[in-house]
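Student: take a look and give me a structure for this.
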Amino acid sequence: MKSLDINVVRGHFPAFSEPSLDGQAFFENAGGAYPCRFVTDRLERFYRARKVQPYGPFNASRLAGEEMDEAQTRLAAMMGVASDELSFGPSTTQNVYVLAQAFRQWLSPGDAIVVSEQDHEANAGAWRRLADAGIELREWRIDPETGHLDPAKLEPLLNGAKLVAFPHCSNVVGEINDVAAITAMAHAAGAVVCVDGVSYAPHGLPNVGALGADIYLFSAYKTYGPHQGLMIVRRDLGEQLPNQGHFFNGNHLDKRFTPAGPDHAQVAACAGMADYVDALAASLGVGSDAPEVRATYVHDAMRAREEALLKPLLAYVAGRNDIRVIGPSDARRRAPTVAIAAERSGEALAADLARHGINAGGGDFYAVRPLKAMGVDPSHGVLRLSFVHYTHEDEVARLIAALDQVL
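Tutor: A predicted model of the protein is given here:
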């Protein structure tokens, strides 16, 4: 398979030709990635020529609705699910909250759910609050040294469990969990699965149909799009859960868990994410295959590039004895999201890096539970260095040189 051409990739992002960002190397992609030009173009066009109530009989309204439907249809096809199994909401945190209210009605006091200690609070807090309704919480704990989420420790928690919630990839540990294998375990025990894909999807859209998860959630603003939460709820589960939307929308799967009206412009702009995947597929020589095939090629090319970029950074930090690197040392097992615990706080290190033109983040990143479990004081925090396929090799070299001075 051809490799991604970094010049072609970066040519699709307005940020890389923005004068105010010149000389800045962006390493806080886990907090939100740059939007691609297809998204910004579609968003501008919608606000300029389509900003009316959609799905009406007049032309601007008709086109607005068609563009919203296009985003839903194309992205769902790329992820191997039916169009109406994908819905949009204001954020992943809000989407999980709405789902948890549906589960609150669906479950009975005494029913058990499994929550992961590795999770970002977006896919943890709302589920944990179900304890207020008499739901039993079972904790799938991480290894306190490595942050690893061991499937063998899940098995004894599954007896009678109704739901298992865990991340595809933690936003501080970085390790990629085997969603397909864990889902198969949970399904064999009769549990449904909710996967937080927020920290994984930026590294290639997942084939949710192949993974088998019942619920899969991620954020468009971290996958080169606008600020929307994307939520896949597979039909078998979605039709069982109580409707959380308007009563007259109860027969529409994609409206059952979106009680508020969507942001029309941002939903329509999400079609630009599909445009971007298709543009990269074309650059790789992948033409008329099915959408999920094109998306898989792009996913694999993104991951291959990220692994190559990640290796020198992991080699550098592994050679230091004054820091603790969270998560695996093997680039194949993790996303390029590298959290470092040091004597100085994460925020102080990020501030120092900023003076070198390195834009990184410091803090707890809403991962208070996993950091505490690994013995890291959340108030002290970690330095998080996160990048994606559009990061340049020269930027990684600059990061390592800056780290050498800052640490």
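
Student: OK, contacts around the nearest residue to Tyr224 once chain neighbours are set aside?
Tutor: Nearest residue to Tyr224, sequence neighbours excluded (CB to CB, 6 or more residues apart in numbering): Cys36, at 4.5 Å. Using the backbone N, CA and C atoms, a C-beta is placed for each residue, glycine as well. Cys36 sits next to His12, Phe13, Tyr224, Gly225, Gly272, Met273, Asp275, Tyr276 when contact means CB atoms under 8 Å, 6 or more residues apart in numbering.

Student: break down the stretch 101-250 of the chain into its strands, ranges please.
Tutor: 112-116, 136-140, 161-167, 192-196, 215-219, 229-233 (DSSP state E, counting those that start in this stretch).

Student: and these: which comes nearest Leu63?
Tutor: Comparing the strands of the stretch 101-250 of the chain against Leu63 with CB to CB, the closest turns out to be strand 229-233 (22.2 Å).

Student: can you name every helix or strand that the closest one contacts?
Tutor: Packing partners of strand 229-233 (3 or more CB pairs under 8 Å, 6 or more residues apart in numbering; DSSP states H and E): strand 86-89, helix 92-106, strand 215-219.

Student: just to revisit the earlier point, reformat the strands of the stretch 101-250 of the chain as JSON lines; add mean pLDDT, distance to Arg42 and mean neighbour count.
Tutor: Converted to JSON lines, the strands of the stretch 101-250 of the chain look like this (pLDDT from 0 to 100; distance: least, CB to CB, whole Å; neighbours: other CB atoms under 10 Å):
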{"stretch": "strand 112-116", "mean pLDDT": "98", "distance to Arg42": "35", "mean neighbour count": "23"}
{"stretch": "strand 136-140", "mean pLDDT": "98", "distance to Arg42": "40", "mean neighbour count": "16"}
{"stretch": "strand 161-167", "mean pLDDT": "98", "distance to Arg42": "29", "mean neighbour count": "25"}
{"stretch": "strand 192-196", "mean pLDDT": "98", "distance to Arg42": "27", "mean neighbour count": "26"}
{"stretch": "strand 215-219", "mean pLDDT": "98", "distance to Arg42": "18", "mean neighbour count": "26"}
{"stretch": "strand 229-233", "mean pLDDT": "98", "distance to Arg42": "16", "mean neighbour count": "26"}
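
Student: which stretch of helix or strand covers Val338?
Tutor: strand 337-342 (DSSP states H and E).

Student: so Ile209 makes contact with Glu292?
Tutor: Slight slip there: residue 209 is Gly, not Ile. Yes: taking contacts as CB atoms under 8 Å, Gly209 lies within contact range of Glu292: 7.3 Å.

Student: give me the common contacts of those two.
Tutor: Met79, Gly80.

Student: where does stretch 259-275 sit relative to the chain's centre, distance-wise?
Tutor: 16 Å (CA atoms, centre = their mean, to the nearest Å).
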